[in-house]
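S.K.: just coords:
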């Protein structure tokens, strides 16, 4: 009987350790995901700014070409 109790406690301890590791991995994954989202958000903002500037330059070029005709 003592051996069965000992085995049960060992398995519970192993289960607790596994759960703790999984919680740690989930926290790290969440932080990494937040970082990736922040990086992608900044990249999208930069691309939108560049696209807006390119649109302005194209419009200006079109106006110049129309005036040259």
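M.R.: Nice, thanks for sending it over. None of these values were measured; they are calculated from a predicted model.
S.K.: count residues in the vicinity of residue 21, would you?
M.R.: Burial of residue 21, expressed as a neighbour count using other CB atoms under 10 Å, amounts to 10. Quick note: C-beta positions are derived from backbone N, CA and C, even for glycine.
S.K.: look up the pLDDT of it for me, please.
M.R.: If you check residue 21, the pLDDT there is 92.
S.K.: using the three-state scheme, assign it.
M.R.: helix (DSSP: H, G, I helix; E, B strand; the rest coil).
S.K.: give me every residue that touches it.
M.R.: When contacts are counted by CB atoms under 8 Å, 6 or more residues apart in numbering, residue 21 is found next to no other residue.
S.K.: ok, it to residue 47 distance?
M.R.: Applying CB to CB, to the nearest Å, one obtains 39 Å for the distance of residue 21 from residue 47.
S.K.: swap in residue 63?
M.R.: When CB to CB is the yardstick, residue 63 and residue 47 sit 25 Å from each other.
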